[in-house]
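K.L.:
from the sequence below, what's the structure:
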Amino acid sequence: MVETRLLTDHQEIKDWAAGRSGVPTIRDSADLIGSDVPVLALAFGQHAYEDDDDQGADRPADFGRPRLVEWDEWFAIFDAESLGLVVAEDLPGQHDEFHEIIRR
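P.N.:
Have a look, this model is predicted:
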């Protein structure tokens, strides 16, 4: 079983994400789930880059697509919604990307 820990400190979250080439993203949820609270996420590696050519897409260009944001915008929602980031404990030589954003 994977051991986990809860992160709430902004610098600790930024450091954890940076160690895995992660960036903050937000999905505007009104069109997706009918809520006006944006959905926070972290994107890693190639998933951090938006594909904006929209080739073959039969949907609005921004429907459900996460947008890259600055940490300040991401943490404003993180704090306002009392969220926490659950991550896998680091093991020597491993940087697991497992994470889950939860309510505290």
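
K.L.:
lowest confidence element among the helices and strands of this protein?
P.N.:
Counting by mean pLDDT, DSSP states H and E, the chain has its least confident helix or strand at helix 30-33, which shows a mean of 59.

K.L.:
show me how far the strand or helix carrying Ala41 is from its chain's centre.
P.N.:
Per DSSP states H and E: Ala41 is located in strand 39-44. In terms of Cα atoms, centre = their mean, to the nearest Å, the centre of strand 39-44 is set 2 Å apart from its chain centre.

K.L.:
ok, then the element right after it?
P.N.:
Next element after strand 39-44 (DSSP H and E): strand 67-68.

K.L.:
quick check: buried residues in the helix or strand following that following strand?
P.N.:
Note on strand 67-68: by DSSP H and E, the next helix or strand toward the C-terminus is helix 71-80. For helix 71-80, a neighbour-count test (16 or more other Cβ atoms under 10 Å) marks 74-75, 77-78 as buried. In short, each C-beta sits where N, CA and C put it, glycine included.

K.L.:
helix 71-80 packs against which elements?
P.N.:
helix 10-18, strand 22-27, strand 39-44 (3 or more Cβ pairs under 8 Å, 6 or more residues apart in numbering; DSSP states H and E).

K.L.:
just these: most buried one?
P.N.:
Of those, the one with the most neighbours on average (mean count of other Cβ atoms under 10 Å) is strand 22-27, at a mean of 20.

K.L.:
what's the angle between that one and helix 71-80?
P.N.:
Counting by axes from the mean of the first three to the mean of the last three Cα atoms, to 10 degrees, strand 22-27 points 70 degrees away from the direction of helix 71-80.

K.L.:
and strand 22-27 with strand 39-44, angle?
P.N.:
Computed by the same axes, to 10 degrees, the angle between strand 22-27 and strand 39-44 is 150 degrees.

K.L.:
quick revisit: could you dump the helices and strands packed on helix 71-80 into TSV with mean pLDDT added?
P.N.:
Below are the helices and strands packed on helix 71-80 laid out as TSV (pLDDT from 0 to 100):
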stretch	mean pLDDT
helix 10-18	96
strand 22-27	92
strand 39-44	91
